[in-house]
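Undergrad: After the sequence you'll find the predicted model.
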Amino acid sequence: MRARLLEATVELLVERGFAGTSTTLVSERAGVSRGAQLHHFPTKNDLVVAAVEHLTERRGAELAEAVEQLPGGSKRTSAVLRMLGDHFSSPVFAAALELWVAARTDDALLAAVSPLEQRVGRETHRLTVAALGADESEPGVRELVQATLDLVRGLGLAQTITDDTVRRRRILDAWADVLDKELAR
């Protein structure tokens, strides 16, 4: 029941945003009684904080699984960037984005979201370094990896407004060429 409530919360965050997500809608979507929902999560913030934790675990697992599927060879960098681009334009990222925006003006939500997002950020950075085979002991490499993550996150943000798939792929392919040259130094 708890998992259904958390999944319903994530779905509603994607579809309706934070403001449009209510505990009543979550209960209906999850197919559980309002009383059962209140037993597990007495307030909307309790529910959303649990959904943040759920999203954090889900995003990490999805990214780790995607890294395992990457090809080797000369097109690896491009494949890594496309994988990251897909990750940061997924519904799970859109739900996380809703929580970031809501947390900006809600101290309780910010207190829950911030440490989890820091953990996700560190893990995503670590996975990206490994996927690229980057050596962060080399000057500038850490910054290149972080710039890459900032780029794909920004492209994911653009995707929330319009289908930006074609432009995103062109940009990521061009950035893959830059990364290959810089990481080969």
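TA: Nice, I can see it.
Undergrad: just checking, what packs against the helix or strand Thr9 falls within?
TA: Thr9 belongs to helix 2-16 when elements are defined using DSSP states H and E. In terms of contacts (3 or more Cβ pairs under 8 Å, 6 or more residues apart in numbering; DSSP states H and E), helix 2-16 is packed against helix 23-30, helix 34-40, helix 44-68, helix 91-103. Backbone N, C-alpha and C define where each C-beta goes, glycine included.
Undergrad: CSV please, covering these and showing distance to Glu7.
TA: Shown next, in CSV, are the helices and strands packed on helix 2-16 (distance: least, Cβ to Cβ, whole Å):
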stretch, distance to Glu7
helix 23-30, 7
helix 34-40, 13
helix 44-68, 8
helix 91-103, 11
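Undergrad: Looking at the ones you listed, spot the one closest to Thr128.
TA: Among the helices and strands packed on helix 2-16, the nearest to Thr128 by Cβ to Cβ is helix 44-68 (8.5 Å).
Undergrad: Give me the angle between whichever helix or strand comes after the closest one and helix 44-68.
TA: Sequence-wise, the next helix or strand downstream of helix 44-68 (DSSP H and E) is helix 76-87. Angle, helix 76-87 to helix 44-68, by axes from the mean of the first three to the mean of the last three Cα atoms, to 10 degrees: 160 degrees.
Undergrad: Just the buried residues of helix 76-87, please?
TA: By neighbour count with 16 or more other Cβ atoms under 10 Å, helix 76-87 contains the buried residues 76-87.
Undergrad: One more: stretch 82-101?
TA: For stretch 82-101, using 16+ other Cβ under 10 Å, the buried residues are 82-90, 92-99.
Undergrad: try stretch 25-44
TA: Quick answer for stretch 25-44 (16+ other Cβ under 10 Å): 25-27, 29-30, 32, 36-37, 41, 44.
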